[in-house]
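Would you be able to build a 3D model of this:
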Amino acid sequence: MKAILRIIIFVPLALLILFFSMANRAPVKIGLDPFSPPDTGASIEAPMFIVVLAAMAIGVLAGGVSSWLGHLPVRRAAKVARAEAKKTRLEIEKLRQQALAQLPAEGSAKAGKR
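The predicted structure follows:
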C-alpha cells in the first residue's frame, strides 16, 4: 500500500519538476547586492529552474533544522525519562528477586511452627 501511495505522489511530483525545469531554462541574473545598480555589483547568472529549485531546497533544509532545534527540549526530556524508566525497571527487578528469595525462608519457618 505504501509503495502505491509513493508512486501516486512522487511520479507526478517528479514529472512536475521535470516539466518546470524544461520550461524555465532561460538564464536569469541574480543580484547579491541590493544597493548597487542592476548592471554592477555581485551577481550570478543561472537557469531559472536551478534558482527556484535551490531556493526550495534551502527552504526545506531551513525548516528541517528549525524543527529539529525546536524539538531539542522534548528529546532531552525523553532521554531523561528513558534513563529513569530503565533505572526503575532495574530496581523493581532487584526488589522482586529479594522478595522471591525471602518467600521460601518464610514458608519453611511457618511450616516449623505448625
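
Roughly how far does residue 79 sit from residue 71?
12 Å (Cβ to Cβ, to the nearest Å). The C-beta positions use only the backbone N, C-alpha and C, and glycine is treated the same way.

How about residue 47?
36 Å.

Kindly report the domain assignment for the chain.
Following automatic domain parsing, one gets these domains for the chain: 1-32+41-53, 83-114.

Show me what the mean pLDDT comes to for the top helix by length along the chain.
Ordering each helix of the chain by length in residues (DSSP state H) puts helix 72-113 first. For helix 72-113, mean pLDDT is 86.

distance between it and the chain's centre?
Helix 72-113 sits 34 Å away from the centroid of its parent chain (Cα atoms, centre = their mean, to the nearest Å).

now stretch 43-61
On Cα atoms, centre = their mean, the centre of stretch 43-61 falls 23 Å from that of its chain.

Any chance you could list what contacts it?
Defining contact as Cβ atoms under 8 Å, 6 or more residues apart in numbering, one finds that stretch 43-61 is touched by 17, 20-21, 23-33.

Kindly recompute the last result at 7 Å.
20, 21, 24, 25, 26, 27, 28, 29, 30, 31, 32 (Cβ atoms under 7 Å, 6 or more residues apart in numbering).

average pLDDT across it?
Here the average pLDDT along stretch 43-61 is 93.

and residue 39, that one's in a strand?
No - counting by DSSP: H, G, I helix; E, B strand; the rest coil, residue 39 is not found in a strand; it is coil.

State the distance from it to residue 32.
14 Å.
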